[in-house]
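Asker: quick one: sequence and predicted model below, then my questions.
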Amino acid sequence: MNAFLLYFLLLKATITTFSGLASLPQVRDELVLHRHVLTDEQLNTAIVVGRTTPGPVGLYVVSVGYMVAGIPGAAAGWLAMATPALTMILLLRFIGPRRERPRVKQILESVVAASAAMLFASAIPMARDSLTDPLTIGLCAVTTVVMIVRKVDPLILLAGSAAVTLVAGLR
């Protein structure tokens, strides 16, 4: 896939969601379902890589870019990830003084709600592909409960899940 096209596809996903993994439904729809240049397994791997490395939550698009088009794809992913952040600086300059206005507040809350719904919708197909045995189902359930009940660093949850899986595999 052409790196410029990949940039625009990833940019479309990242700029319309403004929130890390909220771009996931669009990335999956475009690259996995429509263009078939990425598999769900590769997308899951990109998310894991993005979540286990330092940096923003949306860093997974760099891994996606690399999996689709190598080094030029990774550069396209990085640019697609950075463009919305740079755009936000301009938007904050405009919205900042107006953020307490009821209409602006309503718009911002609607964008957050829509992003959350998109993230939830994208989690369902990923879970269907990943939850293949009692161990992964149990880890998913425990992780979900822990995240709802307590604020635990996601890296700790990922490392804990990996450790449990490793120990279970040794038996």
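Answerer: Done, it's in. Residues are numbered from 1 along each chain as shown.
Asker: quick one: mean pLDDT for stretch 137-153?
Answerer: For stretch 137-153, the mean pLDDT works out to 91.
Asker: contact partners of it?
Answerer: 127, 130, 131, 157, 161, 164, 165 (CB atoms under 8 Å, 6 or more residues apart in numbering). The way it works is simple: take the backbone N, C-alpha and C, and place the C-beta from them, glycine included.
Asker: residues near residue 6, how many?
Answerer: Residue 6: 27 surrounding residues under other CB atoms under 10 Å.
Asker: please tell me how far it sits from residue 156.
Answerer: Relative to residue 156, residue 6 is positioned 33 Å away (CB to CB, to the nearest Å).
Asker: got the buried residues for stretch 93-103?
Answerer: By neighbour count with 16 or more other CB atoms under 10 Å, stretch 93-103 contains no buried residues.
Asker: chain neighbours aside, what residue packs nearest to residue 46?
Answerer: What sits nearest to residue 46 in space, not counting adjacent residues and going by CB to CB, 6 or more residues apart in numbering, is residue 63, at 3.7 Å.
Asker: give the next helix or strand downstream of the helix or strand where that neighbour lies.
Answerer: Assigning secondary structure by DSSP states H and E places residue 63 in helix 60-95. Going down the chain from helix 60-95, the next helix or strand is helix 102-130, by DSSP H and E.
Asker: count the neighbours of residue 79 for me.
Answerer: 19.
Asker: whoops, residue 128 was the one
Answerer: Close neighbours of residue 128, defined as other CB under 10 Å, add up to 10.
Asker: got the contact list for the residue lying closest to residue 48 once chain neighbours are set aside?
Answerer: Counting by CB to CB, 6+ apart, residue 158 is the residue found nearest to residue 48 once chain neighbours are left out, at 7.5 Å. Applying CB under 8 Å, 6+ apart to residue 158 gives the contacts 48, 51, 52.
Asker: done for today, thanks.
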